[in-house]
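Engineer: Fold the following for me, if possible:
(chains A and B)
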Amino acid sequence: MNKNIEVRNLSVAYNNSNVLKDISFNINEGDYIGIVGPNGAGKSTLIKALLNLVKESSGEIIYHIDKKFLGYLPQITETSHKMFPASVFEVISTGLLLKKSFPKLITKEDKKKVEESLKLLNIEELKNKKIGDLSGGQQQRVLLARALVSNPKLLILDEPTSALDPKIRNEFYELLKELNETLKVTIVLISHDIGTIGKYASRLIYLDKTLVFDGTFDEFCHSTDMTEYFGYFSQHQICWRH
Amino acid sequence: MNDFFIVFQEIFKQDFMIKALITGIFIAISCSLLGVFLVLKNMSLIGDGLAHVSFAAIAIGLLVSDKPIIISIPIVIVASFLVLLLKEKAKIDADATIGLLSSFSIAVGVIIASVAKGFNIDLFSYLFGSILFISPSEMILSGILAIILIVLVLLFYNDLFSITFDENFAKISGIKVRRVNYLLSVLISVTIVLGIRIVGTMLISSLIVFPSVSALQISKGFKRTLMFSVIFSMIAVVLGIIFLIF
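Structural biologist: Numbering: from 1, shown residues only, chains lettered A, B, ... in the order given. Model (predicted):
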């Protein structure tokens, strides 16, 4: 299997306290990884480290993929972009800057790409709307379109479904599944929704400052180590769909 | 009505009025362009804070030379870097740092002013501006600054937009976010030092915040916000000068 990213003994510390400790794993081409763990487990920090937004205090991250092929969907909060004067079209086109050098101009071809990603996410009618006027779920789809517009080979998503209603959430997971299966996009996704993510992801990483578990969902559910770690009851709760 | 136009014509035959008008428009363009980025980055008050710093800097400048502007530009640039550095390293929000800087600089300015009694009147002209006493070199500097800003905004429009909308995403897109932030700081500092000749320390912030906040109310896109902001600020300056006459 081709590796996309290798993480070796990664530690990250804020103000001298470790948020992540000695994490090692590979992200392979075509993987669909669900990263789960309690609040404060360092999930978002791990993603930020993968994107070079925070500095590792020790260890290293080795990229076997051109960073131009990374796509990123940040966590959104209710208040973000409230009065920002940008149209959906403008926001999505920033996703294309990744592949450009100076001067970064939006060409006719780029406009076509933006239209395509609007179509892909079924939000064509939002094209000229102001980003701040949209609901949380709509904003999230716009930001996903921004992440997808550059045709990434590795897509990193930080709690993408938190603002989505159940119907849209399922559509969203189906879309990711399709990207993963047909276009072979590698997906790394943080989620609190461990039951649902177990249905879609091919690999589960359980994080609690250290790497507690890395394997398939099945393995997770049948692992005696995990029964010990979580207790039978919690593990059963996580795995009830299996 | 005819009288009105004759008075008008007479006034704008005056050299100092033309200079005031042209310099005012240049400064308005610079302030309003930068204002949009600052307001959207939640740093609206940096203009006010740096204006206070430049009050102290001009006081120092008047103490040691007859070209206070040249002395105060680097001092204000250092102060603006301090705001960015404290935000990056110590996680102190920009508004807190601006609060610290403002009060500290006013104190320094007042101490210097009262110790060196000789230049009080001149210093006060920087406090409220003296648009009718603009020197030709100040006019030219303001013009150069406005042109540099317009060119930079045109060339780096998409980078600036991306940074203002989502800094992390811009970083991932390979945009040199840190460098751009420091460049913006330099430009803001120069704009403010030149701008306080026109509107003064106390009110320079109005040229930064009012046009952009007004533009934000009516426009849906980013380009239009920039354009409206510039238009509003120019109208404000021209109207201001006309009111000054009557």
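Engineer: Using the three-state scheme, assign A:L10.
Structural biologist: Put simply, A:L10 is strand when judged by DSSP: H, G, I helix; E, B strand; the rest coil.
Engineer: which residues sit in contact with the closest residue to it other than its chain neighbours?
Structural biologist: Nearest non-adjacent residue to A:L10, counting by Cβ to Cβ, 6 or more residues apart in numbering or on different chains: A:G59, 3.9 Å away. Any C-beta I mention is one placed from the backbone N, CA and C, and that applies to glycine too. A:G59 is in contact with A:7-11, A:22-24, counting by Cβ atoms under 8 Å, 6 or more residues apart in numbering or on different chains.
Engineer: list the buried ones in the strand or helix carrying A:G59?
Structural biologist: Using DSSP states H and E, A:G59 maps to strand A:58-63. Going by neighbour count (16 or more other Cβ atoms under 10 Å in any protein chain shown), the buried part of strand A:58-63 is A:59, A:61, A:63.
Engineer: is the last one in a bridge, and if so with what?
Structural biologist: As for beta bridges, A:Y63 partners with A:I5 under DSSP bridges.
Engineer: Let me know whether it touches A:I5 as I believe.
Structural biologist: Yes. Contact between A:Y63 and A:I5 holds when scored by Cβ atoms under 8 Å: they sit 5.7 Å apart.
Engineer: In terms of helix, strand or coil, where does A:D214 fall?
Structural biologist: Reduced to three states by three-state DSSP, A:D214 is strand.
Engineer: Could you pull up the residues touching it?
Structural biologist: A:25, A:203-206.
Engineer: Next one: A:R169 from A:T196, what distance?
Structural biologist: The spacing between A:R169 and A:T196, counted by Cβ to Cβ, to the nearest Å, is 8 Å.
Engineer: One more: A:F213?
Structural biologist: From A:F213 over to A:T196 the distance is 18 Å, taken as Cβ to Cβ.
Engineer: go on, B:S72?
Structural biologist: 59 Å.
Engineer: So these two - more neighbours on which side?
Structural biologist: Neighbours were tallied for B:S72 and for A:T196 using other Cβ atoms under 10 Å in any protein chain shown; the higher tally belongs to B:S72 (25 against 17).
Engineer: What parts of chain B come near chain A?
Structural biologist: When proximity is defined as Cβ under 8 Å from any Cβ of the partner chain, chain B approaches chain A at B:40, B:155-156, B:158-159, B:161-162, B:165-166, B:168-175, B:215-216, B:219-222, B:224-225.
Engineer: thinking again about what came up before, what residues are shared contacts of A:R169 and A:T196?
Structural biologist: Contact criterion Cβ under 8 Å, 6+ apart; residues bridging A:R169 and A:T196 by contacting each: A:T161.
Engineer: Show me the shaky parts of chain B.
Structural biologist: For chain B, applying pLDDT under 70 flags the ranges B:1, B:118-121.
Engineer: care to break the chain down by domain?
Structural biologist: Using chain A. Using automatic domain parsing, the domain ranges for chain A come out as A:26-56+A:153-242, A:80-152.
Engineer: wrong one, chain B
Structural biologist: Listed domain ranges for chain B are B:43-131+B:189-202, B:205-241 (source: automatic domain parsing).
Engineer: ok, the residue nearest to B:S206 when sequence neighbours are not counted - contacts?
Structural biologist: Distance criterion Cβ to Cβ, 6+ apart; nearest residue to B:S206, sequence neighbours excluded, is B:V199 at 7.0 Å. By Cβ under 8 Å, 6+ apart, the contact list for B:V199 reads B:27, B:129, B:131, B:206-207.
Engineer: which other helices and strands contact the helix or strand hosting B:F169?
Structural biologist: Assigned by DSSP H and E, B:F169 belongs to helix B:167-172. Applying 3 or more Cβ pairs under 8 Å, 6 or more residues apart in numbering or on different chains; DSSP states H and E, one finds that helix B:167-172 contacts strand A:70-73, helix B:157-165, helix B:177-195.
Engineer: Save these as CSV, and put in mean neighbour count and distance to A:G37 too.
Structural biologist: As requested, these are exported to CSV (neighbours: other Cβ atoms under 10 Å in any protein chain shown; distance: least, Cβ to Cβ, whole Å):
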stretch, mean neighbour count, distance to A:G37
strand A:70-73, 24, 19
helix B:157-165, 23, 29
helix B:177-195, 21, 29
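Engineer: A:N18 is nearest to which of the ones you listed?
Structural biologist: Judged by Cβ to Cβ, the one of those that comes nearest to A:N18 is strand A:70-73, at 24.2 Å.
Engineer: And the average pLDDT for the helix or strand just after the closest one is what?
Structural biologist: Using DSSP H and E, the helix or strand that follows strand A:70-73 towards the C-terminus is helix A:88-93. What helix A:88-93 shows for mean pLDDT is 90.
Engineer: Quick one: check the following helix or strand past helix A:88-93 for contact with chain B.
Structural biologist: Later in the chain than helix A:88-93, the nearest helix or strand by DSSP H and E is helix A:108-120. No. Figure legend: helix A:108-120 not in contact with chain B (Cβ under 8 Å from any Cβ); closest approach 10.2 Å.
Engineer: Buried residues, helix A:108-120. List them.
Structural biologist: Residues of helix A:108-120 classed as buried: A:110, A:113-114, A:117-118, A:120 (neighbour count, 16+ other Cβ under 10 Å).
Engineer: nearest to A:G136, of those residues?
Structural biologist: Using Cβ to Cβ, the buried residues of helix A:108-120 come closest to A:G136 at A:L118, 18.4 Å.
Engineer: how long is stretch B:35-46 end to end?
Structural biologist: Stretch B:35-46 has an end-to-end distance of 10 Å (Cα to Cα, to the nearest Å).
Engineer: And for that stretch, what's in contact with it?
Structural biologist: For stretch B:35-46, using Cβ under 8 Å, 6+ apart, the contacting residues are A:84-85, B:47, B:80, B:83, B:94-95, B:98, B:160, B:164-165, B:184, B:188, B:205, B:207-209, B:211-213, B:215-216, B:225-226, B:229, B:233.
Engineer: which ones among those are found in helices?
Structural biologist: The members of those that map onto helices under DSSP state H are B:47, B:80, B:83, B:94-95, B:98, B:160, B:164-165, B:184, B:188, B:205, B:207-209, B:211-213, B:215-216, B:225-226, B:229, B:233.
Engineer: still on that earlier bit, top of the contacts of B:V199 by neighbour count?
Structural biologist: Neighbour counts for these, by other Cβ under 10 Å, peak at B:I27, which reaches 30 neighbours.
Engineer: What distance do you get for that one to B:S102?
Structural biologist: Note on B:I27: its distance to B:S102, by Cβ to Cβ, is 21 Å.
Engineer: One more: A:T182?
Structural biologist: A:T182 is 57 Å from B:S102, by Cβ to Cβ.
Engineer: of these two, who's got more company?
Structural biologist: For A:T182 versus B:S102, neighbours defined as other Cβ under 10 Å are more numerous around B:S102 (19 against 8).
Engineer: How about the more buried one: what's its closest non-neighbour residue?
Structural biologist: B:H52 (4.2 Å).
Engineer: Repeat that for B:I69.
Structural biologist: By the measure of Cβ to Cβ, 6+ apart, the closest residue to B:I69 outside its immediate chain neighbours is B:V193, 6.0 Å from it.
Engineer: Go ahead and confirm the one you found touches B:I73.
Structural biologist: Yes. Counting by Cβ under 8 Å, B:V193 touches B:I73, with 5.1 Å between them.
Engineer: pull the longest helix from chain A.
Structural biologist: Assigned via DSSP H, chain A shows its longest helix as helix A:166-182.
Engineer: Any idea how many residues pack against the closest residue to B:D166 other than its chain neighbours?
Structural biologist: Spatial nearest neighbour of B:D166, excluding adjacent residues (Cβ to Cβ, 6+ apart): A:P74 at 7.0 Å. Other residues near A:P74 number 24, with proximity taken as other Cβ under 10 Å.
Engineer: This completes my enquiry, with thanks.
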